[in-house]
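Engineer: give me a model of this one.
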Amino acid sequence: MASVADMGEGATVRGSDRRRAVIRGWLIAVAALILAMVVVGGATRLTHSGLSITEWQPVHGVIPPLSDTAWQEEFAKYQETPEFRVLNPDMTLAGFKGIFWWEWVHRMLGRVIGVVVLVPLVVLWARGWIGRALAPRLVAIFLLGALQGAVGWWMVASGLTERTDVSQYRLAVHLTLACVILAYVVWVAESLAPRRSEPTAPGLRVGAAAIIGLTLVQIFLGGLVAGLDAGMTFNTWPLMDGTLAPSGLFAQSPAWLNVFENVAAVQFDHRLGAYVLFAAAIAHAFQARGSTAARGANALVALVTVQAAVGIATLVTVVPLGLALLHQLGAVVVLWTAVAHLRAMSPPQSSSKAVLARG
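Structural biologist: Okay, the predicted model is just below:
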């Protein structure tokens, strides 16, 4: 017959498991919102909507234009931008509304994410559910989100004075930072997942970490492609302009500038990054065969293969909106899966009390 102490300990364990599940579910929801944010951000870029709102108003900007006068005021502000004067001088108010709503939804989703992070964080902390090890990680998520909002405005500001679009450098940084935040949220969430500690060879963890790094690099390169509209050119595969490596890859000087500003080089680098990531995923799966990590490694190979196929289809069909967004979604899914895969092979939390404040 179980003793009172055993029953008390069992209740404590069950309570701890419940709190872990609640916090993990909250973080998974945050990660899902970030994923949606990345996709909506892609739509904003592809529909050339990002410069339709010319001011950063974190509070007042929650309310969209609700009258004809308010719409005319917003449209007048957009008409002062180089994008309107050079590219869209014939745009009507109806056309402006079409691009405005994409950007408004993008910014509104960012605000929603901030609330979904901050409010539960304050409540759970007040209830004593967050321990000393978990607290700084959760605060870091909120601070990273605030930084991302500032980087987003820094990006938009680059297209409001002289350029007719945003800087591809800033766009790539904005996209990559969003994905870094997503990866961190997934990592923290998966550290709370119930699992057994299963020994995994350090080499396997290195391989999994390398896939995460390569995926982030590939996402950064994809941001450069989007920023330069590089997907609108060289719309054949596997050849570019009839060859594997087209001429003009080093047309600019200094040579490093081609990586960021030469359309041919930017697309070529993105293709090359895809090949390297694909090879790395296959090598990791081969390395993991017969181990407890094999299922996760094989899932990564499958996802990277599908992502490559969608990328090729997006390119050869000259970047239709639906396929392009599916390709951006696929990149985030690959990253999410890679982070969860690595976390599953990593040692569990050493102290439950350090993660959850009350037993």
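Engineer: low-confidence stretches in the stretch 201-350 of the chain?
Structural biologist: 349-350 (pLDDT under 70).
Engineer: quick one: buried residues of the one helix or strand Arg271 maps to?
Structural biologist: If you go by DSSP states H and E, Arg271 is part of helix 263-288. For helix 263-288, a neighbour-count test (16 or more other Cβ atoms under 10 Å) marks 263-271, 273-274, 277-278, 280-281, 284-285, 287-288 as buried. Any C-beta I mention is one placed from the backbone N, CA and C, and that applies to glycine too.
Engineer: how about stretch 214-225?
Structural biologist: Using 16+ other Cβ under 10 Å as the test for burial, stretch 214-225 gives Leu214, Thr215, Leu216, Gln218, Ile219, Phe220, Leu221, Gly222, Gly223, Leu224, Val225.
Engineer: re earlier: what residues does the next helix or strand after the helix holding Arg271 touch?
Structural biologist: The helix or strand immediately downstream of helix 263-288 is helix 294-316, counting by DSSP H and E. With contacts defined as Cβ atoms under 8 Å, 6 or more residues apart in numbering, helix 294-316 is touched by 208, 211, 231, 234-237, 274, 277-278, 281-282, 284-285, 287-288, 320, 323-324, 326-327, 330-331, 333-334, 337-338, 340-341, 344-345.
Engineer: from those residues, list the buried ones, please.
Structural biologist: 208, 211, 231, 234, 274, 277-278, 281, 284-285, 287-288, 323-324, 326-327, 330-331, 334, 337-338, 340-341, 344-345.
Engineer: which other helices and strands contact the helix holding Arg271?
Structural biologist: helix 202-227, helix 258-261, helix 294-316 (3 or more Cβ pairs under 8 Å, 6 or more residues apart in numbering; DSSP states H and E).
Engineer: would you map out the domains in the chain?
Structural biologist: 1-194, 200-359 (automatic domain parsing).
Engineer: now do the longest helix anywhere in the chain, average pLDDT.
Structural biologist: Using DSSP state H, we find that the single longest helix of the chain is helix 4-46. Average pLDDT, helix 4-46: 82.
Engineer: now the element after that helix, going C-ward?
Structural biologist: Helices and strands here follow DSSP H and E; after helix 4-46, the next one along the chain is helix 68-79.
Engineer: contacting residues around that next one?
Structural biologist: With Cβ under 8 Å, 6+ apart as the test, helix 68-79 has contacts from Leu51, Ser52, Ile53, Thr54, Glu55, Pro65, Phe84, Arg85, Leu93, Phe96, Lys97, Phe100.
Engineer: could you do stretch 283-293 as well?
Structural biologist: Counting by Cβ under 8 Å, 6+ apart, residues outside stretch 283-293 touching it are 198, 200-201, 203-204, 207-208, 210-211, 294, 296-298, 300-301, 341, 344-345.
Engineer: in the stretch 51-200 of the chain, what spans have low per-residue confidence?
Structural biologist: 195-199.
Engineer: in what helix or strand does Thr337 lie?
Structural biologist: With DSSP H and E as criterion, Thr337 is part of helix 321-345.
Engineer: would you agree Pro246 is in contact with Asn262?
Structural biologist: No. Using Cβ atoms under 8 Å, Pro246 is not in contact with Asn262; the gap is 10.6 Å.
Engineer: name the residue in those two with the higher neighbour count.
Structural biologist: Neighbours were counted for Pro246 and for Asn262 using other Cβ atoms under 10 Å; Asn262 has more, 20 against 16.
Engineer: so who does the residue nearest to the more buried one when sequence neighbours are not counted touch?
Structural biologist: Distances taken as Cβ to Cβ, 6 or more residues apart in numbering place Gln252 nearest to Asn262, at 5.3 Å, with adjacent residues excluded. Going by Cβ under 8 Å, 6+ apart, Gln252 touches Asn258, Glu261, Asn262.
Engineer: which one of those is nearest Ala32?
Structural biologist: Nearest to Ala32, judged by Cβ to Cβ, of the contacts of Gln252 is Glu261 at 34.6 Å.
Engineer: what number of residues lie near that closest one?
Structural biologist: 16.
Engineer: for it, which non-adjacent residue is spatially closest?
Structural biologist: Gln252 (6.2 Å).
Engineer: can you give me phi and psi for Trp237?
Structural biologist: Here is the backbone geometry of Trp237 (degrees, to the nearest 10): phi -150, psi 140.
Engineer: could I get the buried residue list for stretch 51-69?
Structural biologist: Within stretch 51-69, the residues scored as buried using 16+ other Cβ under 10 Å are Leu51, Ser52, Ile53, Thr54.
Engineer: nearest to Leu118 among those residues?
Structural biologist: Looking across the buried residues of stretch 51-69 and measuring by Cβ to Cβ, the closest to Leu118 is Ile53, at 23.0 Å.
Engineer: would you confirm that that closest one contacts Ile99?
Structural biologist: No. The criterion here is Cβ under 8 Å, and Ile53 misses it with Ile99 at 9.4 Å.
Engineer: any idea how far Trp336 is from the residue nearest the centre of the chain?
Structural biologist: The centroid of the chain falls nearest to Cys179 when counting by Cα atoms, centre = their mean (2.9 Å). Separation of Cys179 from Trp336 (Cβ to Cβ, to the nearest Å): 9 Å.
Engineer: how near is the closest residue to Val139 other than its chain neighbours to Val112?
Structural biologist: Using Cβ to Cβ, 6+ apart and skipping residues adjacent in sequence, the residue nearest Val139 is Leu121, 7.5 Å away. Using Cβ to Cβ, Leu121 is found at 15 Å from Val112.
Engineer: and these two? which has more neighbours close in?
Structural biologist: Using other Cβ under 10 Å as the criterion, Leu121 and Val112 rank with Leu121 on top: 19 against 13.
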